[in-house]
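Asker: Just a sequence and a predicted model for now, questions to come.
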Amino acid sequence: MNGKIGFEEHFAITETLEEARNFAGDGGIWKDFTRQILDLGDERLEHMDKSGIEVALLSLNAPGLQAILNANEALHLAQKSNERMADAVSRHPGRYAGLAALPMHDPDVAAKELTRCVKELGFKGCLVNGFQQVDHPENAKYYDLPEYHSFWATVAELDVPFYLHPRMQIPTQAKNYEGHPWLMSAPWGFAVETSIHSLRLCGSGLFDLYPKLKICIGHLGENIPFGLWRIDARMRFSPRGYRGKRPLGDYFRDHFHITTSGNFNDPAFRCTLDTIDNDKIYFCSDYPFEKMEDASTWFDNSSVITNAQRLKMGRTNAIRLFNLELK
Ligand code: GRE
Ligand code: ZN
């Protein structure tokens with residue numbers, strides 16, 4: 001299918017590149033990976049052309065700014081990467097758009113940078129890589145905390161989506177992964193980390209306060225669609241500390257938008273499609289951690305997806321979500 005739109009499409013600046021090394025894959029691919037993730041020009045556009053992706057909404061790689069302990073340094077790098085994205089968008093209008101990288105140490109600084117990116121640079125939303133480490137490696141801030149309400153108020157007012165992207169657990173706080181480093185990242189731990197953060201948002205009452213919020217998550221929902229029925233079923237018996245007014249599944253189905261990034265698989269897709277309205281499911285690739293061609297070959301050919309759904313999930317849902325000026 002031509003004309004697809006993808007919005008978990010990563011790039012790096014040299015300062016955030018090294019963090020990707022452990023995830024990029026072993027063997028001789030680091031050199032190619034480095035070239036691909038830093039590039040916002042011909043090579044990326046060629047892959048987009050080959051796989052029928054018309055527009056990529058760019059975002060900074062994980063963990064990016066969320067692993068930078070110092071608030072000023074993170075703000076400086078946010079500005080640098082957001083300017084880099086804005087420059088790529090202006091050089092290739094109609095092919096790229098921007099999702100802001102945000103330093104989340106201080107909710108008001110984050111809100112201000114998001115506002116600048118949306119109002120001055122024309123960005124369409126933001127992508128944040130999980131919890132923010134602040135000042136000390138052990139200090140993780142999750143965005144359901146009350147101190148982030150002012151940030152969410154700004155996101156709601158700007159009416160742009162917030163993409164909650166995976167990152168890894170803090171190793172010293174992840175004893176249960178000890179001796180199994182493979183388990184901590186993309187194969188499993190990313191989804192554990194991101195699903196817990198997502199469920200915290202649902203269970204905190206955040207969506208009662210800000211009913212317009214739209215949260216995107218990738219990888220076909222970070223395993224939540226598979227577990228959603230059981231969450232509500234069990235919460236009838238032990239809703240301790242749950243602060244939502246409605247069942248958790250209601251918030252998830254109303255506020256979460258799910259992408260196919262890095263999970264090109266019919267059975268998992270079927271489960272997501274059975275759980276979430278097809279207006280809220282979207283094609284994404286997760287380049288360069290995945291190949292755009294693999295994402296597209298699956299999406300374009302899967303017999304689980306009807307052609308009408310393909311057009312929605314590949315294109316028109318994203319046009320609506322990000323208010324893109326495309327037909
Ligand atoms: C991602 O961006 O989703 C990602 C990483 C690292 C490894 C795998 C992966 O940041 O999908
Ligand atoms: Zn990703």
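Answerer: Here it is on my side, so go on. Ligands and ions are numbered 1, 2, ... in the order given.

Asker: per-residue pLDDT, residue 171?
Answerer: With respect to pLDDT, residue 171 scores 88.

Asker: same question, residue 81
Answerer: Per the predicted model, pLDDT is 98 at residue 81.

Asker: can you tell me which residues contact it?
Answerer: 13, 16, 60, 64, 65, 101 (C-beta atoms under 8 Å, 6 or more residues apart in numbering). In short, each C-beta sits where N, CA and C put it, glycine included.

Asker: What is the neighbour count of residue 19?
Answerer: 19 (other C-beta atoms under 10 Å).

Asker: what residues are up against it?
Answerer: 61, 62, 63, 64, 67.

Asker: Most neighbours among those, which one?
Answerer: Going by other C-beta under 10 Å, residue 64 tops the contacts of residue 19 with 29 neighbours.

Asker: contacting residues for that residue?
Answerer: Here residue 64 is in contact with 12, 16, 19, 81, 101, 129 (C-beta under 8 Å, 6+ apart).

Asker: The second one - nearest residue in space that isn't next to it in sequence?
Answerer: Spelled out, it's residue 16. residue 64 (4.8 Å; C-beta to C-beta, 6 or more residues apart in numbering).

Asker: quick revisit: what would the contacts of residue 64 look like in TSV with secondary structure and distance to residue 302?
Answerer: Output for these, formatted as TSV (DSSP: H, G, I helix; E, B strand; the rest coil; distance: C-beta to C-beta, whole Å):
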residue	secondary structure	distance to residue 302
12	coil	30
16	helix	33
19	helix	32
81	helix	33
101	coil	32
129	coil	28
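
Asker: closest to residue 47 among these?
Answerer: residue 12 (16.1 Å; C-beta to C-beta).

Asker: shouldn't the closest one be in contact with residue 20?
Answerer: Yes: at 6.3 Å, residue 12 counts as touching residue 20 under the criterion of C-beta atoms under 8 Å.

Asker: Now do residue 242 against residue 228, distance only.
Answerer: 15 Å (C-beta to C-beta, to the nearest Å).

Asker: With residue 265 instead?
Answerer: For residue 265 relative to residue 228 (C-beta to C-beta), the value is 18 Å.

Asker: Settle it for me: which of the two has more neighbours?
Answerer: A side-by-side neighbour count of residue 265 and residue 228, using other C-beta under 10 Å, places residue 228 first with 20 against 14.

Asker: OK, contacts around that one?
Answerer: 248, 249, 252, 275.

Asker: Give me the nearest residue to the second one, chain neighbours excluded.
Answerer: With sequence-adjacent residues excluded and distances taken as C-beta to C-beta, 6+ apart, residue 249 is closest to residue 232, at 4.8 Å.

Asker: from the contacts of residue 228, which ones fall inside strands?
Answerer: In strands, judged by DSSP state E, none of the contacts of residue 228 are found.

Asker: Which among those count as buried?
Answerer: When those are checked for burial by 16 or more other C-beta atoms under 10 Å, the buried set is 248, 249, 252, 275.

Asker: Pretty sure the last one sits against residue 220.
Answerer: No: distance between residue 275 and residue 220: 9.9 Å, which falls outside the contact criterion (C-beta under 8 Å).

Asker: The strand or helix carrying residue 295 - contacts with which helices or strands?
Answerer: Per DSSP states H and E, residue 295 falls inside helix 292-301. Counting contacts by 3 or more C-beta pairs under 8 Å, 6 or more residues apart in numbering; DSSP states H and E, helix 292-301 is packed against strand 4-11, helix 42-50.

Asker: got the CA positions of it in PDB?
Answerer: In PDB, the C-alpha atoms belonging to helix 292-301 read as follows (Å, rounded to 0.1, in the frame of the first residue of the first chain):
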ATOM      1  CA  MET A 292      10.600  -0.600   7.100                       C
ATOM      2  CA  GLU A 293      10.300  -3.300   4.400                       C
ATOM      3  CA  ASP A 294       9.500  -6.000   7.000                       C
ATOM      4  CA  ALA A 295       6.800  -3.800   8.600                       C
ATOM      5  CA  SER A 296       5.300  -3.000   5.300                       C
ATOM      6  CA  THR A 297       5.400  -6.500   3.800                       C
ATOM      7  CA  TRP A 298       3.500  -7.800   6.700                       C
ATOM      8  CA  PHE A 299       1.000  -4.900   6.900                       C
ATOM      9  CA  ASP A 300       0.400  -4.700   3.200                       C
ATOM     10  CA  ASN A 301      -0.200  -8.500   2.800                       C
END
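
Asker: For that helix, what does the pLDDT average out to?
Answerer: Per-residue scores along helix 292-301 average to 98.

Asker: Can you give me the buried ones in it?
Answerer: So helix 292-301, judged by 16+ other C-beta under 10 Å, has buried residues 292, 295, 296, 298, 299, 300.

Asker: What of stretch 81-96?
Answerer: Buried, per 16+ other C-beta under 10 Å, within stretch 81-96: 81, 82, 84, 85, 86, 88, 89, 92, 95, 96.

Asker: and if you look at stretch 275-286?
Answerer: 275, 276, 280, 281, 282, 283, 284, 285, 286.

Asker: Only alpha carbons, please: show it as PDB.
Answerer: Written as PDB, here are the backbone C-alpha positions of stretch 275-286 (Å, rounded to 0.1, in the frame of the first residue of the first chain):
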ATOM      1  CA  THR A 275      -9.700  -5.300  21.900                       C
ATOM      2  CA  ILE A 276      -9.300  -1.800  20.500                       C
ATOM      3  CA  ASP A 277     -11.500   0.100  18.000                       C
ATOM      4  CA  ASN A 278      -9.900   0.000  14.600                       C
ATOM      5  CA  ASP A 279     -10.000   3.800  14.500                       C
ATOM      6  CA  LYS A 280      -7.300   3.700  17.200                       C
ATOM      7  CA  ILE A 281      -4.800   1.200  15.500                       C
ATOM      8  CA  TYR A 282      -2.000   2.500  13.300                       C
ATOM      9  CA  PHE A 283       0.800   1.300  11.100                       C
ATOM     10  CA  CYS A 284       4.300   2.200  12.300                       C
ATOM     11  CA  SER A 285       7.700   0.500  11.600                       C
ATOM     12  CA  ASP A 286      10.200   1.300  14.400                       C
END
